[in-house]
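Undergrad: Below are the sequence and a predicted model; questions follow.
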Amino acid sequence: MPTDPMWKKLLSRRVQFALDLSVLIGAFVLAYLLRFDFNIPPQWMHSMWVQLTWVVLMQFVALNLSGVHSFVWRYVGITELRSFFIAASSVFLMLLVVRFVLPGAMLVTWRVPLSICVMDTILAFGGVLGLRVLRRTSYELFEMRKRKRAAGGEPAQQRVLLIGAGRAGVLASKEIVNRGDMHLQVAGFVDDDHAKQGSVINGIRVLGNSSHLPRLVSQLDIDHVIITMAQATRNEIQRITKICDEIPVKVRIIPGLYEILDGRVEISRIRDVQIEDLLGRDPVQLDLQSISRELSRKVVMVTGAGGSIGSELARQVARFAPEKLLLIERAEFALFNIDRELKGSDRNESIVPLVADIGDHQRMRSIFDKYRPNVVIHAAAHKHVPLMEDNPCEAIKNNVFNTRMLTKLASEFEAEAFVLISTDKAVRPTSIMGASKRLAELVVQHAASRSQTRFVAVRFGNVIGSNGSAIPIFQEQIRNGGPLTITDNRMKRYFMTIPEAAQLVLQASTIGNGGEVFILHMGEPVSILELAEALISLSGMKPHEDIQIVEIGMRPGEKLNEELTFESESAAATSHPKIFISKLAPVKYEMIQVALQQLEQLVEQRDEEELRAFLNQAIPEAQLRVNGNGDAGSVKTLVAGLSPVV
């Protein structure tokens, strides 16, 4: 017996053709038998055999033309019914044409009686559809039994409630029912939609709303509940987890839509609720066509490609099939990881990993000269606030001067677009890191006024799980048994997921004309204390009891609440509801040049206090801590001319 997969495919299709023909022939004969009460007169017997040949042939051709035979039978569902309906309707109309249009004396034996037309259409196409449903049902039962055997027999099934009886809930329930290796038994749906109460969906009843969870969990002996709302908001997930904590019962969740659509997970890959679910927001809707025009078949450079933001930007860019994707990273192991991930099992020639320090002018010039990038996404930066307070000169060198050097190269080599990744800490900066990113924004704005390259900056807050951020630190402290250390109980921060931030950055890059600072809508700020408590709860422990939370005081450069705009800035809406434009005041070329020259001198001299004093006056909104006087006459004289325009 041949084992070639192609042979098996052909054999399976031939079997389906044979079964379809058998059903069509049987349906036509059965229609005649029903028409004549199972006693066909001899004069009609000849007509039946003549008509059968061309009617069945026409039905078979209609099935092919409507695409029915191209369906994979094991996945036939409601969506495919349209093709069956088209095939049945077209054949029925043809039978009517032959029946009523042709003269009575012509082809009398070809004219199918009207009752036969109706019955045969219903029996033939209903039978063909039923055949596929039967095959699919048999296949799913076989697969379920196979999974059960592979999983070791029939272990006790856990009874679960599904919260959310929408499309995602229905899909999840089908997966659970059809898979034999999940060991879950769906006891019912819970949904807050009053119209769904008491209804039965996919054989499963909607038992009540979320307020009924305590009663349902107790009465039905529920092991855990599963949130099956594909677009659940942060507030909805927080509300449900709070109810489940009070019962108490474990709560789990299906993956987010972006995970499913990206092919990372299946909808049945149920997992524990994570902090991303509690902090996440509605899925990002992108104008994929505009992003594709920006990136497809172009050379795209991502600096800092091994970092948490840079690596996600690289993943998102790779989706749009660039001609070349240049991964710029000085950390060898980080570059190795993202390069291996993007290339996967097949070598992807478009991915170009380049070990390079963006501060190395000759190295970066050679890369620009060789690859001529069309789009530069500049994510490389020093970003750790307390660390940069102790190393202010390095922050200025990397975040300001290296950005300036890259803007010059992008302009010289005629890049189409340059996107700077900025931060909410650039607004009224109290830290060296924030001040350096604010200056980087001004550098980009200045470059936009003197180049054909479209220079823009994108400003957003904290991303969940980025390297060195609060959440990974809290998680490590929980693993070590606590305590969790927070700087101030009143502190709040904006959060968004890394994929969301990366997607909006790419979208923002397609909107501006040059010189804009785009602000990503971050939603409502999150209390760091509540964040710490949520992480402890998600770990299965009780905050302030199993794990203590200790306040240690604010660190240098930190502030209680981050901001995204200046009061003096005018934020304007864009074509995307989550992206706004913050138009900065114009900066005169001479003044920004003088400011950067003075900064270079202060960095070379390593005069950190003088540097802080200069930044405080060069950026009127800055509120950097200065230990000494920090008000040398040269600085005062210089910044007097800068303050009105910066």
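TA: That came in fine, so what should we check first?

Undergrad: from here on, contacts and neighbour counts on C-alpha atoms
TA: Fine.

Undergrad: ok now stretch 366-385, how far from the chain's centre?
TA: 24 Å (C-alpha atoms, centre = their mean, to the nearest Å).

Undergrad: in that stretch, what counts as buried?
TA: 367-368, 372-383, 385 (16 or more other C-alpha atoms under 10 Å).

Undergrad: which of these sit farthest apart?
TA: Arg372 and Val385 (33.7 Å; C-alpha to C-alpha).

Undergrad: How many residues are close by Glu329?
TA: Using other C-alpha atoms under 10 Å, Glu329 is surrounded by 25 other residues.

Undergrad: Hmm, Asn337 and it touching each other?
TA: No: in this structure Glu329 lies outside contact range of Asn337 using C-alpha atoms under 8 Å: 11.1 Å.

Undergrad: if I look at these two, which residues touch both of them?
TA: Gly306 (C-alpha atoms under 8 Å, 6 or more residues apart in numbering).

Undergrad: could you give the mean pLDDT of the strand or helix carrying Leu96?
TA: Leu96 is part of helix 81-100, with elements assigned from DSSP states H and E. Helix 81-100 comes out with an average pLDDT of 81.

Undergrad: Let's see which of the buried residues of stretch 366-385 end up in strands.
TA: Val375, Val376, Ile377, His378 (DSSP state E).

Undergrad: which residues in the stretch 451-600 of the chain form strands?
TA: 454-460, 462-463, 484-486, 492-493, 495-496, 517-520, 526-527, 549-551, 570-573, 579-583 (DSSP state E, counting those that start in this stretch).

Undergrad: Can you tell me the closest non-neighbouring residue to Ala321?
TA: In this structure, Ala321 finds its nearest non-sequential neighbour in Ser296, 5.3 Å apart by C-alpha to C-alpha, 6 or more residues apart in numbering.

Undergrad: Return the residues in contact with that neighbour.
TA: Contacts of Ser296 by C-alpha under 8 Å, 6+ apart are Phe320, Ala321, Pro322, Glu323.

Undergrad: The first one and Asp339, how far apart?
TA: This means Phe320. Phe320 sits 17 Å away from Asp339, going by C-alpha to C-alpha, to the nearest Å.

Undergrad: Pretty sure Gln475 sits against Leu535.
TA: Yes: if you go by C-alpha under 8 Å, Gln475 and Leu535 touch, sitting 7.3 Å apart.

Undergrad: returning to that earlier point: in a markdown table, list the contacts of Ser296 along with secondary structure.
TA: Formatted as a markdown table, those follow (DSSP: H, G, I helix; E, B strand; the rest coil):
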| residue | secondary structure |
| --- | --- |
| Phe320 | coil |
| Ala321 | coil |
| Pro322 | coil |
| Glu323 | coil |
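
Undergrad: Could you export those residues as TSV, including distance to Val112, neighbour count and pLDDT?
TA: What follows is those, written out as TSV (distance: C-alpha to C-alpha, whole Å; neighbours: other C-alpha atoms under 10 Å; pLDDT from 0 to 100):
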residue	distance to Val112	neighbour count	pLDDT
Phe320	56	18	89
Ala321	56	16	89
Pro322	60	19	93
Glu323	61	17	93
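
Undergrad: Looking at those residues, point me to the pair that's furthest apart.
TA: Based on C-alpha to C-alpha, the longest span within these runs between Phe320 and Glu323 and measures 9.5 Å.

Undergrad: got the CA coordinates for stretch 376-392 in CSV?
TA: C-alpha atoms of stretch 376-392 as CSV (Å, rounded to 0.1, in the frame of the first residue of the first chain):
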residue,chain,number,x,y,z
VAL,A,376,15.6,53.6,10.8
ILE,A,377,13.9,52.7,14.1
HIS,A,378,16.2,54.0,16.9
ALA,A,379,15.5,52.0,20.1
ALA,A,380,19.0,51.8,21.5
ALA,A,381,19.3,53.9,24.7
HIS,A,382,20.4,54.0,28.3
LYS,A,383,17.0,53.8,30.1
HIS,A,384,17.5,52.8,33.7
VAL,A,385,16.7,55.9,35.8
PRO,A,386,18.7,55.4,39.0
LEU,A,387,21.6,54.0,37.1
MET,A,388,21.8,57.0,34.8
GLU,A,389,21.7,59.3,37.9
ASP,A,390,25.1,57.8,38.8
ASN,A,391,26.3,58.0,35.2
PRO,A,392,24.9,61.2,33.7
